[in-house]
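In: Fold the following, please.
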Amino acid sequence: MKKIYLLTLLFVGITFSAFAQRNINIGGGYFGHFATHPGFVLEFESEHMYTEKASLPIRVDLGYYSHPRNQKGVFLDANYGFRRYFKSGFFLEESIGLGLLKTSLNTDAAYEVGDDGSVKEVSKGLPADLMPSFTLGMGYKFEGLTGGNNLVWLRPKLSWQLPQKTTSVYHAAIQVGFTHTIGSK
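Out: The predicted model follows:
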C-alpha cells in the first residue's frame with residue numbers, strides 16, 4: 001500500500017513539473033555576516049511557477065564575507081524554498097539550504113602548540129565545514145524595461161557551521177539584492 005502512495009505522489013509531482021512554467025534567474029547582492037561584516041552573494045535560480053501567485057525556487061548561492069578581526073569565509077550552498085506573490089508585486093519567501101563553508105583566519109600567521117610544547121606555524125586555512133541554513137525573505141517584483149521580471153529582496157539568513165572545532169556555531173546574516181529573469185520555459 002505504501003508503494004502505491006509513493007508512486008502516486010511521484011506521478012503527481014512529475015505531472016505538475018511538466019506543466020509548470022520555469023523561470024531562470026540570476027542575481028546578486030550584499031551579504032553581511034552579523035550585518036556588519038561585509039560580503040557579497042551571487043545566485044543562480046530555477047523558479048518553478050505553479051500559479052501566478054506561487055512558485056518553488058531552487059537557488060544556488062556563491063558568497064563571501066570578511067570578519068576583520070577573525071576570519072573570512074567563502075560558501076556555496078543550494079536552497080530549496082517557496083515564494084508567494086501578491087497582486088501588488090510584494091512577495092514573501094522561505095527556503096532551507098545545505099552547503100559548504102570554507103574559512104581562513106584573518107591574520108598574518110597562525111601557530112599551533114604540539115604535545116611536546118613546541119610551536120610551529122600552520123596554515124591559516126581551516127577545513128571546509130557543512131553549512132545547513134534557513135532563510136526568510138521579502139521583496140518586490142516589477143517588470144524590467146526590456147521585459148522579464150526583476151526582484152528586489154531582503155533575506156535574513158541563519159546558518160550553522162558544522163563541525164566548528166568540536167561543536168557547531170551559528171551565523172546570522174542579512175542579504176539585500178537584485179534578481180533578474182533571463183529566460184522562461
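In: dump the residue contacts of the closest residue to Leu100 other than its chain neighbours.
Out: Spatial nearest neighbour of Leu100, chain neighbours left out: Ala128 (5.0 Å); criterion: CB to CB, 6 or more residues apart in numbering. All C-beta spots, glycine's among them, are computed from the backbone N, C-alpha and C. Applying CB atoms under 8 Å, 6 or more residues apart in numbering to Ala128 gives the contacts Leu100, Leu101, Lys102.
In: tell me the contacts of the residue most central in space within the chain?
Out: Taking CA atoms, centre = their mean, the centroid of the chain lies closest to Asp61, which sits 4.7 Å from it. Asp61 sits next to Val41, Leu42, Glu43, Phe75, Leu76, Asp77, Ala78, Asn79, Gly97, Gly99 when contact means CB under 8 Å, 6+ apart.
In: please redo it, this time with the cut-off set to 7 Å
Out: Residues near Asp61 by CB atoms under 7 Å, 6 or more residues apart in numbering: Val41, Glu43, Asp77, Asn79.
In: Work out the gap between stretch 87-99 and the centre of the chain.
Out: How far stretch 87-99 lies from its chain's middle: 11 Å, per CA atoms, centre = their mean, to the nearest Å.
In: His48 touches Ser55, doesn't it?
Out: Yes - counting by CB atoms under 7 Å, His48 touches Ser55, with 6.0 Å between them.
In: ok, which stretches of this protein are strands?
Out: 21-33, 39-49, 54-66, 71-85, 90-105, 110-113, 119-122, 129-143, 149-164, 167-184 (DSSP state E).
In: would you list those strands in CSV and tack on mean pLDDT?
Out: As requested, the strands of the chain are exported to CSV (pLDDT from 0 to 100):
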stretch, mean pLDDT
strand 21-33, 91
strand 39-49, 94
strand 54-66, 94
strand 71-85, 92
strand 90-105, 92
strand 110-113, 78
strand 119-122, 79
strand 129-143, 93
strand 149-164, 89
strand 167-184, 88
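In: Look up how far Pro68 lies from the residue nearest to the centre of the chain.
Out: Shown here: Asp61 relative to Pro68, a distance of 22 Å by CB to CB, to the nearest Å.
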